[in-house]
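*Asks:* Structure for the following, please:
(one chain, ligands or ions: 1)
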Amino acid sequence: MKLPIYLYGQPVLREKTQDIPLDYPNLARLIEDMYETMYHAEGVGLAAPQVGLKDRIFVVDLTPLAKDDPSFDGFKKVFINAHIIEKDGEEKIVEEGCLSIPDVHEKVPRQNRIHIQYLDEQFNPHDEVYEGYKARVIQHEYEHLDGIMFVDHLSGIRKQMIRSKLNRIMNGQVDCSYKVKALKKK
Ligand code: NI
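*Replies:* Predicted coordinates for the structure are as follows:
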């Protein structure tokens with residue numbers, strides 16, 4: 001089932017999520033719905049707060065970008081109760097977008113490598129290191145779990161320049177191919 005995507009301005013996007021317990025009801029269903037929602041919206045990552053949930057889970061699938069890098073093909077993962085242990089490497093600046101902030105694309109500085117621990121959909125623990133664009137997408141989704149959005153990384157002047165766009169998004173004045181939930185109805 002496709003879920004509506006909560007837009008910038010919705011309070012749930014600013015809240016900290018809670019760890020998912022072993023007996024979380026219908027976890028497989030939630031994961032399936034998150035993938036379906038993400039694919040329909042043509043995103044490569046989606047975090048639970050973006051569908052209105054305060055749960056520590058996000059999904060990614062970089063397969064649609066496999067033409068840029070063959071290692072993205074089949075890079076489809078669920079991250080449950082993830083914790084980034086360490087970030088290092090060079091800082092790189094790359095343009096990002098977010099399904100909760102339609103039509104806003106801005107350059108974001110991030111460190112190039114992360115060490116992350118998480119559980120997969122079977123609650124098997126993983127301890128992994130990612131680099132480059134994979135590390136970037138994972139950091140972007142991971143930050144959603146702590147109420148952080150990519151526009152928070154912008155300089156004051158860039159933020160000022162997109163202020164009116166953000167206000168329109170909050171007011172639901174967006175033209176999206178997917179179902180959304182804005183703070184105020186248009
Ligand atoms: Ni996002």
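*Asks:* okay, CA-based contacts and neighbour counts for the rest of this
*Replies:* Noted.
*Asks:* In three-state terms, label Tyr130 for me.
*Replies:* Under DSSP: H, G, I helix; E, B strand; the rest coil, the three-state class of Tyr130 is strand.
*Asks:* quick one, what contacts it?
*Replies:* 113-115 (CA atoms under 8 Å, 6 or more residues apart in numbering).
*Asks:* Recalculate using a threshold of 10 Å.
*Replies:* 87, 112-116, 136, 138 (CA atoms under 10 Å, 6 or more residues apart in numbering).
*Asks:* and the gap between it and Gly147?
*Replies:* Tyr130 is 22 Å from Gly147, where distance means CA to CA, to the nearest Å.
*Asks:* What of Asp33?
*Replies:* 21 Å.
*Asks:* Likewise for Lys165?
*Replies:* Taking CA to CA, one finds Lys165 at 20 Å from Gly147.
*Asks:* re earlier: list only those of the contacts of Tyr130 flagged as buried.
*Replies:* Neighbour-count burial (16 or more other CA atoms under 10 Å) applied to the contacts of Tyr130 gives 87, 112-116, 136, 138.
*Asks:* For the most centrally placed residue in the chain, which non-adjacent residue is closest in space?
*Replies:* Geometric centre of the chain, nearest residue: Glu141, 3.1 Å, by CA atoms, centre = their mean. Leaving aside its chain neighbours, Glu141 sits nearest to Ala47 (5.7 Å; criterion: CA to CA, 6 or more residues apart in numbering).
*Asks:* surely the one you found meets Leu145?
*Replies:* Yes. Ala47 is within contact range of Leu145, at 7.0 Å (criterion: CA atoms under 10 Å).
*Asks:* can you give me the strands in this structure?
*Replies:* Assigned by DSSP state E, the strands in the chain fall at 5-6, 45-47, 57-61, 76-98, 101-119, 125-131, 180-181.
*Asks:* neighbours around Phe79, how many?
*Replies:* 24 (other CA atoms under 10 Å).
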